[in-house]
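>>> Sequence and predicted structure, then a few things I'm wondering about:
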Amino acid sequence: MRAITPSATGPSETGTRSYIDVPRLGWYIALPCLAILLTVFHRLATGVWWLADPVRMADFVAGAPFQYRVLLPAIVAGITDVAPWLGVNVVFTFLEVATWILLIVAAHRVLAALDIGGSDFVRRLLAITIVVPVALHVIVPDLRFQSTYLVDSGVHLLGEWRLVALFRYVYDVPAALLTLALALFLIRFIQNPAPHRFAAYLGVLALAAMNRETAVFMIPASIAACWGVLDRRTLVLALIAQLVVFAAVHGGVKWVFPGIPNPHANVGATQYENHLVHNLGHFSSPLYAITYFARFSAGFYLPVLLLYRYLDPALGRMLICFAVPFLASAAYFGRLVEQRVVVEVVPLLWLCAMQAVWAYSRAQARAAEAIPVRYPQDLPQRPDPIGDDGVAVVRTDADWLRISAAHERVSGDGHERHPVQDDTPPSWNRRREAGHPEVL
């Protein structure tokens, strides 16, 4: 990763003539429209779990551990105190629209920080794709297969397949946004390890910890990403600073809201629930496992796995050190059938996939530019292209673009242009009998 020099986008201004950057204007118009559409779908396609009802969370009387995720409830409570004519659900709705917009903006900024896309227009288009995997995790219902198929009088029939709506939690979409924002500020800090950039990262970490305690997994991820960039003393100080910030925020929230009950808690003296056996039972169905991983992060993990050689080492370390402990905790404490519980890892998979695909495409482009165009007689493993009667003989699997380009250059130099004929297997046999060497 490297620092990116800002460059102008759009046409240059000539004299006093003004212009409208139509692509950028269209992007600004599309953002709120798309955000409103996603918010409407989210509201209509999901339900509300009574322990985490938005109204109860804004009144700070919800159940644990949901009430400890106080970032948005505190903002809504402050707004409704200033403007009591606004309902709690209305304010939460407006905040979700703003969160979707900020998610796309953060995606655009992180693509620019890594110089992905080549142009600002392409980056804006790529940034919009971040909403696809996030929406799949927080909006699209879960698929349940009570039975894969049935046998009735010797006839195989489809079993009981149904859709189960997800629950809606006010901190899900902000969790995706804050995880991507943490990655953005961490990348900027790696590119230029300045104190003010690390302070900005700590500020975002504090907000993420107020939104959901899973932000703690960003601490080992940040240390792994900075490994080799900072000296060990600075790494230790960065680790201590992050632990202090997280402990202060999370501990402060629990101190303000002590003794919040959770009637379903079954993990020691904590307010968390153990869902490991329940999760393993669902994944015992092969059809459910296939459909689950087919929609997981919209498949953005596939480019990461296939193009891992092109993945930036810092991004790879950050992804592994975040995803492994995060997914392990989600499998134990969360209900994986609600894919929203793993939404934090989705922006990181999306970012790594974008970077790996872009690095691969750039490598392929550089390799193509580095290959020189050679004359037919210089191509390896080919017979002398000039055959009897001045006819160029070329194998059927020859590189036709290079052959044609070479002949064009030869004829442009004043030489006689030779026709090119297909060399079929019989002609190869005739050349072998005539004593022409054949190179396979």
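Structure received.

>>> What residues sit buried inside the helix or strand where residue 76 lies?
Of the helices and strands defined by DSSP states H and E, residue 76 is found in helix 71-82. Neighbour counts over helix 71-82 (16 or more other C-beta atoms under 10 Å) mark 71-73, 75-77, 79-80 as buried. All C-beta spots, glycine's among them, are computed from the backbone N, C-alpha and C.

>>> for whichever helix or strand comes after that helix, the distance to its chain's centre please.
Later in the chain than helix 71-82, the nearest helix or strand by DSSP H and E is helix 88-113. Here the centre of helix 88-113 is set off from its chain's centre by 16 Å, with C-alpha atoms, centre = their mean, to the nearest Å.

>>> Next, the angle helix 71-82 makes with helix 88-113.
130 degrees (axes from the mean of the first three to the mean of the last three C-alpha atoms, to 10 degrees).

>>> Can you report phi and psi for the spatially most central residue of the chain?
Nearest to the mean C-alpha position of the chain, counting by C-alpha atoms, centre = their mean, stands residue 350 at 0.8 Å. Torsion angles at residue 350 (phi, psi; degrees, to the nearest 10) stand at phi -60, psi -50.

>>> That one contacts residue 297, correct?
Yes: between residue 350 and residue 297 a contact is recorded at 6.9 Å, counting by C-beta atoms under 8 Å.

>>> overlap in contacts of these two?
Common neighbours of residue 350 and residue 297 are listed as residue 133 (criterion: C-beta atoms under 8 Å, 6 or more residues apart in numbering).

>>> Just the residues contacting stretch 246-260, thanks.
60, 62-65, 67-68, 70, 205-206, 209-210, 213, 215-216, 219, 271.

>>> mind saving the C-alpha coords of it as CSV?
Output in CSV follows, covering the C-alpha atoms of stretch 246-260 (Å, rounded to 0.1, in the frame of the first residue of the first chain):
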residue,chain,number,x,y,z
PHE,A,246,-11.9,-0.3,24.3
ALA,A,247,-11.9,-1.0,28.1
ALA,A,248,-12.8,2.5,28.9
VAL,A,249,-15.7,2.6,26.5
HIS,A,250,-17.1,-0.8,27.1
GLY,A,251,-16.5,-0.7,30.8
GLY,A,252,-18.1,2.7,31.0
VAL,A,253,-21.2,1.6,29.3
LYS,A,254,-21.6,-1.4,31.7
TRP,A,255,-21.0,0.9,34.6
VAL,A,256,-23.8,3.3,33.4
PHE,A,257,-26.2,0.4,32.8
PRO,A,258,-25.5,-2.2,35.5
GLY,A,259,-27.5,-5.4,36.0
ILE,A,260,-29.4,-5.5,32.7
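
>>> Going by neighbour count, list what's buried in that stretch.
246, 249-250, 253-254, 260.

>>> got the residues you listed as JSON lines, with distance to residue 26 columns?
Formatted as JSON lines, the buried residues of stretch 246-260 follow (distance: C-beta to C-beta, whole Å):
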{"residue": "246", "distance to residue 26": "40"}
{"residue": "249", "distance to residue 26": "39"}
{"residue": "250", "distance to residue 26": "42"}
{"residue": "253", "distance to residue 26": "41"}
{"residue": "254", "distance to residue 26": "46"}
{"residue": "260", "distance to residue 26": "46"}
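
>>> nearest to residue 165, of the residues you listed?
Using C-beta to C-beta, residue 260 comes nearest to residue 165 of these, at 26.1 Å.

>>> Okay, that closest one and residue 365: tell me how far apart.
Taking C-beta to C-beta, to the nearest Å as the measure, residue 260 falls 56 Å from residue 365.

>>> go on, residue 20?
In terms of C-beta to C-beta, residue 20 sits 32 Å off from residue 365.

>>> Show the pLDDT at residue 411.
Model confidence at residue 411, given as pLDDT, is 45.

>>> For whichever strand or helix holds residue 243, the averaged confidence score.
Here residue 243, judged by DSSP H and E, is contained in helix 232-256. Averaging pLDDT along helix 232-256 gives 94.

>>> what about that helix, distance to the chain center?
Worked out by C-alpha atoms, centre = their mean, helix 232-256 lies 27 Å from the chain centre.

>>> Can you name the element that comes right after that helix?
Counting by DSSP H and E, the next helix or strand C-terminal to helix 232-256 is helix 276-283.

>>> Wait, residue 133 touches residue 298, no?
Yes: counting by C-beta under 8 Å, residue 133 does reach residue 298; the two are 3.8 Å apart.

>>> With neighbour numbers in mind, choose between these two.
Higher neighbour count among residue 133 and residue 298: residue 133, with 25 against 21, using other C-beta atoms under 10 Å.

>>> Name the residues that touch the helix holding residue 76?
By C-beta under 8 Å, 6+ apart, helix 71-82 touches 54, 57-60, 62, 67, 86-88, 91-92, 95, 170-171, 174, 207, 210-211.
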